[in-house]
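J.: A predicted structure for the sequence below; I have some questions about it.
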Amino acid sequence: MIDKEQIAADYQQIQDEICAALELTDGKAQFEEEKWEREGGGGGRTRVIQNGNIFEKGGVNFSAVEGQLPAAVKKALKVEEDNFFATGVSIVIHPNHPLVPIIHMNIRYFELPSSLGSGNELIRWFGGGIDLTPHYVFEDDARFFHAHLKSVCDEFNSDFYSRFKLWADDYFFIKHRNETRGIGGIFYDRITANENLTWETIFEFSKALGRSFIPIYTELVNKNRNQPFTGAQQQWQYQRRSRYAEFNLVYDAGTKFGLETNGRIESILMSLPPTAKWVYNYQAEPGSEEEKTLSLLKKGIDWV
């Protein structure tokens, strides 16, 4: 099994690749980087892009943190071990155009020294995923997105896409609204090696998923960025952003983990949109594109 230092180094490289490609796609804005250290161990590189040609606000963050695992996190993870190491790349992009979707991606690795065995054993797992939150759901774009994810999954395991797509449908669900955050994608957590799956395969899949971000998102951005839009469509964009904020503050596991492990608050809440609106008791016009989008925010849609 490749060690944690190699995993962190490869994740940093993926962060570099994605930032360079996003700057090229935007054509104006550049990432601002802030390096930070976590009290208790480790740190990271927060990179934020703002006020660009197409990217109003976004972040591509890398972290590699370690130290004492808080009691609340130990209980949530159902482990007794104390010391942890976690590394990953987390991305959220909020465009300034209502016809260009919000996108999120995360790849991560976590390990604990096992209290059982010889002392050299580890409890370890990989997690991650990518999901799309269109302000307006275009079915061709949704099919492209899911087909690309399926092709990445199929390179490594024929069961990955169906398993992880269902997982994403269940995870990215706003229970108090009874709607999905967007059109889903794939999501997986605590994936470990077994007789049919090696650690190397899981790690290579994690990196392939990370590198799928740019070909997926640049296609969707460039397809829609020059389309005209109305003020009413932008107000709808702000309304949809409010749902994104609700999910991240109420349900998102990464947000909870960051807050409970004394993570850097600016990096944790980087995922929130710059502007969002909560219109009281909003009702979409019958037959409108807004109503169509709401009708597609549900689990179990087969996009491929």
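T.: Happy to help now that I have it.

J.: What strand or helix carries L132?
T.: Using DSSP states H and E, L132 sits within strand 122-133.

J.: just how off-centre is the very next helix or strand once past that strand within its chain?
T.: Where DSSP H and E defines the elements, the next helix or strand beyond strand 122-133 is helix 139-154. Centroid separation for helix 139-154 versus its chain: 16 Å, with C-alpha atoms, centre = their mean, to the nearest Å.

J.: what's the following helix or strand after helix 139-154?
T.: Counting by DSSP H and E, the element after helix 139-154 in chain order, helix or strand, is helix 160-171.

J.: buried stuff in that following helix?
T.: Neighbour counts over helix 160-171 (16 or more other C-beta atoms under 10 Å) mark F160, Y161, F164, K165, W167, A168, D169, Y171 as buried. Placement of C-beta: from N, CA and C, glycine included.

J.: ok, so of those, who is nearest A147?
T.: Nearest to A147 out of the buried residues of helix 160-171 is Y161 (C-beta to C-beta; 9.7 Å).

J.: Count the residues that sit near the nearest residue to that closest one once chain neighbours are set aside.
T.: Computed as C-beta to C-beta, 6 or more residues apart in numbering, the closest residue to Y161 that is not its neighbour in sequence is C153, at 3.9 Å. Neighbour count of C153, defined by other C-beta atoms under 10 Å: 23.

J.: Check C153 and give its pLDDT.
T.: Model confidence at C153, given as pLDDT, is 98.

J.: quick one: K298 is in a strand?
T.: No. Under DSSP: H, G, I helix; E, B strand; the rest coil, K298 falls outside any strand and is assigned coil.

J.: count of residues packed around it?
T.: K298 has 14 nearby residues by other C-beta under 10 Å.

J.: Then A71?
T.: With other C-beta under 10 Å as criterion, A71 counts 10.

J.: now do H97
T.: Counted with other C-beta under 10 Å, the neighbours of H97 add up to 21.

J.: again, but for N96
T.: Close neighbours of N96, defined as other C-beta under 10 Å, add up to 17.

J.: same check, this time on the one 5 residues further on
T.: If you count neighbours by other C-beta under 10 Å, P101 ends up with 27.

J.: Would you agree it is in contact with D141?
T.: Yes. P101 is in contact with D141 according to C-beta atoms under 8 Å; the separation is 7.3 Å.

J.: who's in contact with the residue nearest the centre of the chain?
T.: Note on the chain: the residue nearest the mean C-alpha position is M105, at 2.8 Å, using C-alpha atoms, centre = their mean. Applying C-beta atoms under 8 Å, 6 or more residues apart in numbering to M105 gives the contacts V89, S90, I91, G128, G129, I130, D131, L209, G210, F213.

J.: Greatest separation within those: which pair is it?
T.: Maximum pairwise distance in the contacts of M105, criterion C-beta to C-beta, is 15.0 Å, between V89 and D131.

J.: in the chain, which spans are strands?
T.: In the chain, the strands defined using DSSP state E lie at 32-37, 42-50, 55-68, 83-95, 102-113, 122-133, 173-174, 179-180, 185-191.

J.: if we can go back for a sec, tell me the one of the contacts of M105 nearest E291?
T.: Using C-beta to C-beta, those come closest to E291 at D131, 22.2 Å.

J.: Kindly provide the distance from the closest one to N248.
T.: Note on D131: its distance to N248, by C-beta to C-beta, to the nearest Å, is 12 Å.
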